[in-house]
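Enquirer: Got a sequence here, can you build the structure:
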Amino acid sequence: MIEAQSPAIGQATESCPVRHWALMAPERIAIHAPTPQGRPLDYRQLDLRLNALCRQLESAGLQAGDRLAAVVRGAEADVLLAWACIRSQIVFCPLNPAFPLPKQAELASQLAVAAFWSETAIPDGPWQGLRLDFGAELDQGQRPLPLAPEQPSNMILTSGSSGTPKAVVHRLANHLASARGSGALIPLDEACGWLLSLPLFHVGGYAILFRVFLAGAALVLDDRSRPLKERLEQQPITHLSLVPTQLWRLLAQGFDPTRTRLRELLLGGAAIPEPLVSRLRALGLTPKVSYGLSEMGSQVCTGQPAGAGVVGRPLPGREICIQQGEICVRGATLFAGYFKAGELERPLDAEGWFHTRDKGHLTPDGALVVEGRLDNLFISGGENIQPETIEQRLVDHPAVAQALVVPIPDEQWGQRPAAFVDWHGEALPPAELAAWIRQSLPGFMVPDRWLPWPDLGGNLKPSRTRLATLAAAS
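Expert: Model (predicted):
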């Protein structure tokens with residue numbers, strides 16, 4: 001078992017960090033606008049707008065503990081509403097704007113929300129539709145603003161491996177502990193700007209707010225209408241979170257770290273290709289890899305790339321153990337439970353461990369190695385096949401941008417692997433990839449079928465279930 005502790009975690013009282021910096025450094029930039037024409041917000045202005053928003057929520061009849069559904073991605077209004085909910089002790093329930101209105105209504109009903117906000121249409125339902133003025137300002141004095149760290153802060157919807165959405169509930173203390181633990185390995189200060197490249201309906205995006213505001217740094221709003229390379233060269237972005245696919249695209253645009261202010265690049269969400277890491281290091285930038293999950297408020301482990309599946313040691317406030325090959329976690333960042341039928345359900349074992357359903361092991365020096373999802377493992381002719389093991393080998397080939405392996409039915413072996421491959425350029429012959437795999441993996445792990453990378457409709461996280469169906473029909 002690996003344990004990590006920090007005296008700053010688990011504090012009994014908390015003050016709002018935005019109010020703190022509004023008092024200590026009022027003219028420091030808190031939020032950079034997404035476009036060059038936009039006006040940034042300093043901490044004093046941010047505090048005034050949050051005051052006004054909290055007053056509007058109160059005037060609408062919302063009270064501490066009420067749940068508010070909000071259709072958000074990462075615009076300025078989205079950020080303001082998320083933090084106003086923290087101040088007002090309202091449970092923030094972000095929804096993906098890609099969901100159609102009927103789906104939004106279904107999820108809002110599942111979360112039993114009291115109010116609903118969207119900058120576009122609000123679905124009909126037994127909730128109050130909110131209309132808010134995000135430009136209003138209100139001065140409420142020059143004193144610290146206490147927060148309630150043990151109060152439920154948000155509900156993040158996650159599908160996990162089952163595909164059925166679960167509402168993950170965090171207390172404010174979980175996110176504060178997560179941010180402080182992250183800062184122990186990824187320094188952040190007033191000279192830094194973290195790009196909000198992940199949406200607020202994802203725990204990875206929501207977590208960025210806490211890292212930034214606790215440090216008194218700046219949040220840089222995303223602008224997908226311009227190439228990321230251009231934004232990195234023109235905006236004060238020092239910290240960036242990406243998945244490997246996004247980074248490959250950035251390199252294809254001619255990304256040069258020396259033409260940016262970038263200090264820290266955090267990679268997660270998929271197998272990390274060795275050629276990708278090598279190219280970055282050759283450019284003078286060593287990324288950090290991470291392992292995290294919604295139930296632990298984002299990051300659990302972070303470290304420098306050190307081999308296939310190695311994601312570093314646990315950050316402060318997190319604990320890890322391995323039980324029968326399964327990664328188990330607990331600590332100050334562990335969620336309050338799943339919201340289900342008006343109650344909190346917290347599926348922990350007798351010692352308080354959450355079983356992640358991820359397969360892994362620890363290195364002799366305590367680093368975590370993630371091998372894949374236990375749910376993804378399948379059996380072929382009596383042999384266990386972990387598809388992520390094949391995927392890691394494939395993406396280490398210089399010609400492969402990304403790969404995903406799924407099982408397909410086979411009369412003789414029960415199931416056999418099929419591989420979807422996304423290429424940097426021209427596709428290679430299957431025999432060449434098969435030989436590449438055999439250099440380090442047994443022959444039964446060589447896929448029987450090779451398929452082109454499908455159109456995911458902009459989704460960076462493919463559905464294995466959907467792709468297995470597609471592979472079986474090919």
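Enquirer: Domains in this structure, by residue range?
Expert: By the assignment in automatic domain parsing, the chain contains the domains 2-370, 377-473.
Enquirer: With mean pLDDT and mean neighbour count as added columns, please give the ones you listed in JSON lines.
Expert: Placement of C-beta: from N, CA and C, glycine included. JSON lines is the format used below for those (pLDDT from 0 to 100; neighbours: other Cβ atoms under 10 Å):
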{"stretch": "domain 2-370", "mean pLDDT": "92", "mean neighbour count": "19"}
{"stretch": "domain 377-473", "mean pLDDT": "90", "mean neighbour count": "16"}
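Enquirer: Relative to the whole chain's centre, how far out is the lengthiest helix in the chain?
Expert: The longest helix of the chain (DSSP state H) is helix 43-59. Distance, stretch centre to chain centre, for helix 43-59: 27 Å (Cα atoms, centre = their mean, to the nearest Å).
Enquirer: quick one: contacts of that helix?
Expert: Under the contact criterion Cβ atoms under 8 Å, 6 or more residues apart in numbering, helix 43-59 has outside partners 18-19, 21-22, 25-31, 41, 68, 80-81, 83-85, 87-88, 90, 130, 132-140, 216.
Enquirer: Please apply the same query to stretch 79-89.
Expert: By Cβ under 8 Å, 6+ apart, stretch 79-89 touches 16, 18, 31, 46, 49-50, 53-54, 57-58, 62, 64-65, 68, 70, 72, 90-92, 94, 117, 132, 134, 145, 147-148, 151, 153-154, 172, 196, 200, 206, 209, 213, 219, 221.
Enquirer: could you redo the last one with a cut-off of 6 Å?
Expert: Outside stretch 79-89, the residues within contact range by Cβ atoms under 6 Å, 6 or more residues apart in numbering are 49, 50, 53, 54, 57, 64, 70, 92, 134, 148, 151, 200.
Enquirer: coming back round to it: going along the chain from the longest helix of the chain, find the next helix or strand for me.
Expert: strand 67-71 (DSSP states H and E).
Enquirer: what's the angle between the following helix or strand past that following strand and strand 67-71?
Expert: Scanning forward in sequence from strand 67-71 by DSSP H and E, the next helix or strand is helix 76-88. When axes from the mean of the first three to the mean of the last three Cα atoms, to 10 degrees is applied, the directions of helix 76-88 and strand 67-71 differ by 170 degrees.
Enquirer: Tell me what angle helix 76-88 forms with helix 43-59.
Expert: 70 degrees.
Enquirer: Pull the CA coordinates from helix 76-88 and hand them back as PDB.
Expert: This file holds the C-alpha atoms of helix 76-88, laid out as PDB (Å, rounded to 0.1, in the frame of the first residue of the first chain):
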ATOM      1  CA  GLU A  76     -17.000  32.400 -19.100                       C
ATOM      2  CA  ALA A  77     -20.600  32.200 -18.000                       C
ATOM      3  CA  ASP A  78     -20.200  28.500 -17.300                       C
ATOM      4  CA  VAL A  79     -17.200  29.100 -15.100                       C
ATOM      5  CA  LEU A  80     -18.900  31.900 -13.200                       C
ATOM      6  CA  LEU A  81     -22.000  29.700 -12.500                       C
ATOM      7  CA  ALA A  82     -19.900  26.800 -11.400                       C
ATOM      8  CA  TRP A  83     -18.100  28.900  -8.800                       C
ATOM      9  CA  ALA A  84     -21.200  30.800  -7.700                       C
ATOM     10  CA  CYS A  85     -22.700  27.400  -6.800                       C
ATOM     11  CA  ILE A  86     -19.700  26.700  -4.700                       C
ATOM     12  CA  ARG A  87     -20.200  29.900  -2.800                       C
ATOM     13  CA  SER A  88     -23.900  29.400  -2.400                       C
END
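Enquirer: From the chain's centroid, how far away is it?
Expert: That offset, for helix 76-88, works out to 19 Å (Cα atoms, centre = their mean).
Enquirer: Which parts of the stretch 51-200 of the chain are strands?
Expert: 67-71, 91-95, 115-117, 128-129, 146-147, 152-158, 166-171, 193-195 (DSSP state E, counting those that start in this stretch).
Enquirer: Can I get these in TSV including distance to residue 353?
Expert: Converted to TSV, these look like this (distance: least, Cβ to Cβ, whole Å):
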stretch	distance to residue 353
strand 67-71	28
strand 91-95	26
strand 115-117	36
strand 128-129	40
strand 146-147	28
strand 152-158	19
strand 166-171	17
strand 193-195	31
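Enquirer: nearest residue to residue 119 other than its sequence neighbours?
Expert: Nearest residue to residue 119, sequence neighbours excluded (Cβ to Cβ, 6 or more residues apart in numbering): residue 77, at 6.6 Å.
Enquirer: The one you found contacts residue 133, doesn't it?
Expert: No - between residue 77 and residue 133 there is no contact under Cβ atoms under 6 Å: 10.0 Å.
Enquirer: Pull the residues that contact stretch 421-434.
Expert: The contact list for stretch 421-434, computed with Cβ under 6 Å, 6+ apart, reads 399, 400, 401, 402, 403, 446, 450, 453.
Enquirer: which of those residues sit farthest apart?
Expert: The span of the contacts of stretch 421-434, defined through Cβ to Cβ, is set by 401 and 446 at 20.0 Å.
Enquirer: Now do the strands in the stretch 251-400 of the chain.
Expert: So, for the stretch 251-400 of the chain - with DSSP E, counting those that start in this stretch - the strands run 264-267, 288-293, 298-303, 313-314, 318-323, 326-331, 337-340, 343-345, 354-362, 368-373, 378-380, 383-385, 400-410.
Enquirer: Mind giving me the packing neighbours of the fifth one?
Expert: Using 3 or more Cβ pairs under 6 Å, 6 or more residues apart in numbering; DSSP states H and E as the contact definition, the elements that strand 318-323 packs against are strand 326-331.
Enquirer: Kindly calculate the angle that the strand it packs on makes with strand 318-323.
Expert: 150 degrees.
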